[in-house]
Every structure is written in structure tokens, then in C-alpha cells.
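Visitor: Sequence plus predicted model, see below.
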Amino acid sequence: MMSDTVGRLAETKAAIARAARDFERRPEDVTLIAVSKMMPEEAILPALEAGQRVFGENYVQEAKAKWPALRERFPDIELHMIGPLQSNKAREAVALFDAIHSLDRESLAKELSREIARAGKAPRLFVQVNTGEEPQKGGTVPGETDAFLELCRSHYGLAIEGLMCIPPADEPPSPHFALLAKIAARNKLTGLSMGMSADYEAAIQLGATHVRVGSAIFGARG
């Protein structure tokens with residue numbers, strides 16, 4: 001199992017680099033976030049020992065349980081919060097994560113601003129956009145994203161690095177990636193967190209700076 005993880009990680013990195021070159025981009029401009037949610041420490045260790053340092057988690061409590069010990073062994077780990085974030089978890093998230101990809105509402109912006117000021121530590125922030133306007137998903141709707149970005153910047157003093165999206169499962173992803181890139185460009189944002197195991201090559205074609213890959217590296221979860 002350990003060698004399987006290392007092999008899949010190497011294959012994923014090679015595919016990312018190949019896709020970047022195919023679309024006339026530099027491979028080093030695409031960051032692989034290895035999505036380790038629901039994976040125990042022993043499943044993550046092979047990837048760490050193979051040199052992977054950027055990981056994504058969906059739940060604050062799960063990340064809090066397993067990453068502090070791993071960080072003692074690998075202090076250069078970069079941890080990204082990629083799942084929905086409750087406003088009452090903002091303090092723990094700011095303390096634990098290096099980046100938060102799921103900023104999507106004013107109450108969360110307010111709490112993050114407060115905790116960043118209190119802690120003197122500012123995670124990199126991505127606003128999640130619900131490009132498919134799906135009611136079951138978090139994220140600002142595209143038509144309201146510009147105004148929300150302005151609110152985050154001007155009213156709450158938040159430095160926003162980029163945007164994140166999760167396209168609808170039953171639709172081609174590329175139009176959603178293109179929409180996200182368009183919104184980012186007009187708001188002068190450089191970060192695009194888009195693309196997962198099944199569609200990251202399409203995301204790279206359309207400008208992804210961060211791809212979130214889990215099952216292609218760690219295999220199916222539980």
C-alpha cells in the first residue's frame with residue numbers, strides 16, 4: 001500500500017507537469033494539493049517521505065487530530081483547508097491552516113478578520129465560487145462574487161489570493177473553470193484553486209494554480 005501511494009503520487013506529479021507543458025505553462029506554477037481527508041497518519045506518511053509537502057483537509061477537527069504530530073516531524077508542511085468552514089471554527093482554522101479555500105460569506109469573513117488580527121497570523125485566502133449555483137454547495141454565486149470580494153478587501157481588510165470552485169458532477173468542468181478564471185482576472189486575482197482527480201488536466205489548461213487531488217494519490221476512501 002505504501003509503495004502504491006508513492007507510485008500514484010509520482011504519476012500524478014508527472015501528469016501535472018506534462019499537462020502544464022502541453023498548455024505552454026511552467027510545471028512549477030501548478031501546486032499539487034494532496035487531499036488527505038479521511039486518511040490516517042500511516043497512509044499519509046509515504047507521501048511525506050516521498051517529498052510531498054502540500055496537503056488538503058476538509059474538516060478542522062480531523063486536521064487538528066493528525067497534523068500537529070506530523071508537523072513536528074516535517075516542519076515544512078503546508079496545510080490547506082478545502083472544505084466548508086463554520087464561522088465558529090475560524091480561530092482553530094487560522095491557527096492550523098496555511099491557506100483557506102472556502103471563504104464564501106460575510107459572517108466567515110468577519111470572523112477570519114477578527115482571528116487574523118488577534119493571532120497575528122494570516123492564512124492565504126481563496127473565495128469559493130459556486131459556479132453551478134447548486135443549492136447544496138457552499139460558495140458565492142458568480143453574479144455576487146465581485147461585490148463579496150470588495151467587501152472582504154475594503155470592509156474586513158482581508159488579502160484575497162484567489163478563487164476556488166467545485167464544478168457540478170454531472171456537467172463538463174471546463175466552462176466552470178473558464179468562468180472562475182474570468183472572475184479572477186477582472187478582480188486581479190492570481191490564484192485559481194480548481195481541478196480534482198478526474199479533471200485537473202482541464203483545469204491546468206484553463207489556468208489552475210492549485211489542483212486538489214485525493215483518490216488518484218491515496219486510492220478510494222473507506
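Guide: In hand now; what should we look at?
Visitor: shaky segments in the protein?
Guide: Under the criterion pLDDT under 70, the flagged ranges of the chain are 1-2, 222.
Visitor: Output whichever strand or helix holds L125 as CSV, restricted to C-alpha atoms.
Guide: For L125, the host element (DSSP states H and E) is strand 124-128. The C-alpha atoms that make up strand 124-128 are tabulated as CSV, following Å, rounded to 0.1, in the frame of the first residue of the first chain:
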residue,chain,number,x,y,z
ARG,A,124,-3.7,32.7,2.4
LEU,A,125,-7.4,33.1,1.4
PHE,A,126,-9.4,31.9,-1.6
VAL,A,127,-13.1,32.8,-2.1
GLN,A,128,-15.2,29.8,-3.1
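Visitor: Buried ones in whichever helix or strand comes after that strand, by neighbour count?
Guide: For strand 124-128, the following helix or strand on the C-terminal side (DSSP H and E) is helix 142-150. For helix 142-150, a neighbour-count test (16 or more other C-beta atoms under 10 Å) marks P142, T145, F148, L149 as buried. For glycine as for every other residue, the C-beta is placed from the backbone atoms N, C-alpha and C.
Visitor: Now do the helix or strand that helix 142-150 is followed by and strand 124-128, the angle between them.
Guide: Remark: after helix 142-150, the chain's next helix or strand is strand 160-164, criterion DSSP H and E. Angle, strand 160-164 to strand 124-128, by axes from the mean of the first three to the mean of the last three C-alpha atoms, to 10 degrees: 40 degrees.
Visitor: distance between strand 160-164 and the chain's centre?
Guide: 9 Å (C-alpha atoms, centre = their mean, to the nearest Å).
Visitor: Output the contacting helices and strands for it.
Guide: strand 99-103, strand 124-128, helix 174-186, strand 191-193 (3 or more C-beta pairs under 8 Å, 6 or more residues apart in numbering; DSSP states H and E).
Visitor: Just give me how far the second one sits from the chain centre.
Guide: The one in question is strand 124-128. Mean C-alpha position of strand 124-128 versus that of the full chain (C-alpha atoms, centre = their mean) differs by 8 Å.
Visitor: Quick one: list the elements packing against it.
Guide: Against strand 124-128 (3+ C-beta pairs under 8 Å, 6+ apart) you get strand 99-103, helix 142-150, strand 160-164, strand 191-193.
Visitor: Pull the residues that contact the strand holding L125.
Guide: Contacts with strand 124-128, where a contact means C-beta atoms under 8 Å, 6 or more residues apart in numbering, come from 98-104, 112, 138-140, 145, 148-149, 152, 158-166, 191, 193.
Visitor: Strand partners (parallel or antiparallel) of it?
Guide: strand 99-103 (parallel), strand 160-164 (parallel) (DSSP bridges).
Visitor: Figure out how far the first one is from the centre of its chain.
Guide: The one in question is strand 99-103. That offset, for strand 99-103, works out to 7 Å (C-alpha atoms, centre = their mean).
Visitor: Where is the longest helix in the protein?
Guide: Using DSSP state H to define each element, the chain has its longest helix at helix 2-22.
Visitor: Mind listing what's buried along that one?
Guide: For helix 2-22, burial by neighbour count (16+ other C-beta under 10 Å) applies to T5, V6, R8, L9, T12, K13, A15, I16, A17, A19, A20.
Visitor: sorry, back to before: deepest in the core, which of the strands paired with strand 124-128 is it.
Guide: Mean neighbour count (mean count of other C-beta atoms under 10 Å) peaks for strand 99-103 among the strands paired with strand 124-128, with a mean of 26.
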